[in-house]
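> sequence plus the predicted model coming up.
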Amino acid sequence: MDRRTDFLVIGSGIAGLRAAIGLADAGDVLLLTKADPTESNTGYAQGGIAAALGADDAPDLHYADTMAAGDGLCVPDAVRVLVDDGPRYVDELIGWGVRFDRDAQGGIALAREAAHTVRRVLHATDATGRELARALWMKALTVPRLTVLNHVRAVELLLADGHCAGARYVPGAAGELRAGDIRAGVTLLATGGAGQVFSDTTNPAVATSDGVCLAWKAGARVADMEFVQFHPTALAVPGAPRVLLSEALRGEGARLLNASGEAFMARYETEGDLAPRDRVSRAMLRESRRTGQPVYLSLGHLDPALVHARFPTASASCRLVGLDLARDLIPVGPAAHYMMGGVETDLWGRTTVPGLFAAGEVACTGVHGANRLASNSLLEGLVFGARAALAMTQPPASGRMAGEVREVDSTLARAHGRASSCARPAEGAVRRRMWDAVGVERHGDALREAVAALTEWQAAIDAPAHAMRTPDEWRLLSLVTVGRLVAAAALRRTESRGGHYRGDFPARDDVHWLAHIAERKRDTDS
Ligand code: FAD
Ligand code: SIN
C-alpha cells in the first residue's frame, strides 16, 4: 500500500522520537519502526545522559572533555552545539516527566563516568534508556498529526531528481502490512547503531545500521566508519548474551581485577579503571593474554544493598547466569558498543542528499570524533533530533561536514566480475569475520582479507536475483554493506586513533591522518 506524508521519520529511539515531537506543528508525521516500538539502543541505555548541570560544571568543561575523548577528530562547532544546547533540552525532558534519580537534598544525582572530569551524568538507576523512552513515547502520543507504524522496515530510499522523496518499506519480521512506498516531503533517518555487524556486541538485534546502508545506496556520503567504540565491560560468560555492565559501576568504585585478584589497570593507564574505553578494552585484552585467564569486575568491597539498588539491571543480568553482582567476580570483556561514524551531516542533520536528514547514532555530525565520551550519545540524539526537526521545516539545503574530509573511491565495481562465483554468506560468518579482523585490535593483513571477502559477499547479495528479500536477507544486506564500509576505512587509516587501533601502526599520526575518511557510492557500484 502506498502512502503520503509531509515528514517521514525512520526509527523510534531518542533521535526519532524527539524529532517527531518537534515536527508536530509543521505537518503530518509518519514514524516507522521495524520492531516493537521500544526496541532500540535507547531502550537499553544504562549509565545515563551527560549534560553540564552540576554546580562544579560548565559547558566549557564538557566541551573540553568531549574534545579530548575525540582524539583530534571532533568537529568543534558540533561539540559546541552539543554542550551548549544540551542542558536546555535535558531540562525540557524533565519538564516532560523524565524521572532522573535524586540525591538526598532532592537535587538531580549526577554520576561520574570514564574521561569526564566531573560528575555530569543524569541517570534513572541503570535503566536510564527505559525511562527516557517511556517519557518520550508519552509525549509523542500527544502529538496530533503523528502516525506510528510498528514492525515496518524501510528498505530503500526513493529518489526523484536527486532529492530524497521518501522510502520503500516491507513488513518487519513480525509485521502484517504489505510492502509499499511512502512519499514524503522530507525524510529523517534515525535508525540507530551498528553493533550487530560484530559477533560480540552490547546492542540489541535491531542495531543493524540499516540507515547507513540505505543512505549509502542512495548516494549520500558516509564518514568516520572506521571508528567503532568497544565497551570494555560486557558480561563474558560462555553461551550467555554479551549484556552491558555499565561503566557507572566503575564510576561508583567497581574494580577490574585479573585472575590473581590484582587491580591491574594502573599498570597500563594512569587513569586506571576510568581511562577512556578504548584503552581499557585493549589493556584488558593484553592482561588476559599475559595471564591466559579472564578479567573480572569486582564490587565485593562495596555495600551490597547499595549495589543492588543502584544497579538493578546489571544485578538482574548477573543473576540470570547464576552470579551475584555484589559478591562474585564477574567475568567481563570488550564488545562492539557504539558507531562514531555514519551518514555525514551538517549541524542541522542535513545529509549530502537534499531532502534526506539523519540524527542520532546513524548520523556522523563529528561530535564524537574518533571516540565518544560516555553518555554523550543520548544527548546527541536528543539535541540533534530536535535540531533536525527544526531544519526539516526549512527550505532544502545540502549538508557538509566541517574539517578536512578525504572522499575515497569505493572498491566495489572491481569486485563485480567475481560476484557470480561467490555464494551468499551466512550471517554468523560475516559477524565473526568483523569481530576477528575489524575488532578491538586491527592489522593490515587481516583487514585486507576481510575487505576482499566482504566485497565479494556484497556483490553476491546485491545481485538482482535477490531483489525480493526475506527479513533475514534484508538484515544480511545491511550487515555486509556496513561491514565493508567499516573494514575498508579501517584498512585505509594507517595509524591508531580513538576507537581505531592498528597493531601495525600503533601511533597516532597527525601529519597524515588529521582528517575524516568519507565514502560515497558511485553509479558503477551495485
Ligand atoms: P536507537 O535508539 O537505536 O533507535 C533506532 C530505531 O530505528 C529503532 O526503533 C529501530 O527499530 C529503528 N530502525 C532501524 N532500522 C530500521 C528500518 N530499516 N526501518 C524502520 N525502523 C528501523 N548512550 C548514552 O549516552 N548513555 C548510556 O547510558 C548508554 N548506554 C547504552 C547501553 C547499551 C546496552 C547500548 C546498546 C547503548 C548505550 N548507549 C548509551 C548508546 C545509546 O543508547 C545510543 O547511541 C542511542 O540510544 C541511539 O539512539 P538513536 O535514536 O539514534 O537509535
Ligand atoms: C554505560 O552505561 O556504560 C554505557 C554508557 C554509554 O555508552 O554512554
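Yes, it's here. Ligands and ions are numbered 1, 2, ... in the order given.

> need phi/psi at residue 292.
phi 70, psi 20 (degrees, to the nearest 10).

> name all residues that make contact with it.
Residue 292 sits next to no residue when contact means CB atoms under 8 Å, 6 or more residues apart in numbering. The way it works is simple: take the backbone N, C-alpha and C, and place the C-beta from them, glycine included.

> residues contacting the closest residue to ligand 2 within the chain?
Nearest to ligand 2, among the residues of the chain, is residue 47, at 2.6 Å (CB to the nearest ligand atom). Neighbouring residues of residue 47 by CB under 8 Å, 6+ apart: 111, 113, 121, 123, 126, 128, 246-248, 251, 374-375.

> for it, helix, strand, or coil?
coil (DSSP: H, G, I helix; E, B strand; the rest coil).

> one more: residue 331?
strand.

> what's near enough to touch it?
Contacts of residue 331 (CB under 8 Å, 6+ apart): 235-237, 294-296.

> other residues contacting the host helix or strand of residue 79?
According to DSSP states H and E, residue 79 maps onto helix 76-95. With contacts defined as CB under 8 Å, 6+ apart, helix 76-95 is touched by 18, 49-53, 59-60, 62-63, 66-67, 70, 100, 122, 132, 135-136, 347, 365-367, 376, 379-380, 382-384, 386-387, 402.

> which bits of the stretch 151-300 of the chain sit near ligand 1?
Contact residues (CB under 6 Å from any ligand atom) of the stretch 151-300 of the chain with ligand 1: 153-154, 190-193, 202-203, 206-207, 210, 244.

> in the stretch 101-250 of the chain, what residue is nearest ligand 1?
For the stretch 101-250 of the chain, CB to the nearest ligand atom, closest residue to ligand 1: residue 192, 2.3 Å.

> what of the stretch 301-450 of the chain?
Going by CB to the nearest ligand atom, ligand 1 is nearest to residue 360 of the stretch 301-450 of the chain, at 2.2 Å.

> okay, now the closest residue to that residue other than its chain neighbours: neighbour count?
Distances taken as CB to CB, 6 or more residues apart in numbering place residue 15 nearest to residue 360, at 2.7 Å, with adjacent residues excluded. Neighbouring residues of residue 15 were enumerated by other CB atoms under 10 Å; the total is 35.

> what sits against residue 15?
So, once contact is read as CB under 8 Å, 6+ apart, residue 15 ends up touching 190, 192, 359-363, 380-382, 384-385, 388.

> go through these and name the one nearest residue 223.
residue 363 (9.8 Å; CB to CB).

> outside of stretch 172-187, which residues touch it?
1-10, 27, 30, 32, 34-35, 149-153, 157-158, 164-171, 355-357, 392, 396, 471.

> wait, a helix at the residue nearest to residue 360?
Yes - assignment of residue 15 by three-state DSSP places it within a helix.

> and it, how far from residue 292?
Residue 15 sits 43 Å away from residue 292, going by CB to CB, to the nearest Å.

> of all the residues of the stretch 151-300 of the chain next to ligand 1, which two lie farthest apart?
Distance extremes for these: the farthest pair is 154 and 244 at 26.8 Å, using CB to CB.

> quick one: distance of the longest helix anywhere in the chain to the chain centre.
For the chain, the helix with the greatest residue count under DSSP state H is helix 471-492. Remark: helix 471-492 is offset 15 Å from the chain centroid, using CA atoms, centre = their mean, to the nearest Å.

> could you do stretch 377-387 as well?
Centroid separation between stretch 377-387 and its chain, computed with CA atoms, centre = their mean, is 13 Å.

> also stretch 96-111?
26 Å.

> end to end on that stretch, go ahead and measure it.
Stretch 96-111 has an end-to-end distance of 22 Å (CA to CA, to the nearest Å).

> for it, which positions count as buried?
Buried residues in stretch 96-111, counted by 16 or more other CB atoms under 10 Å: 98, 100-101, 109-111.

> just give me the least confident of the residues you listed.
Ranked by pLDDT, the buried residues of stretch 96-111 bottom out at residue 111, which has 90.
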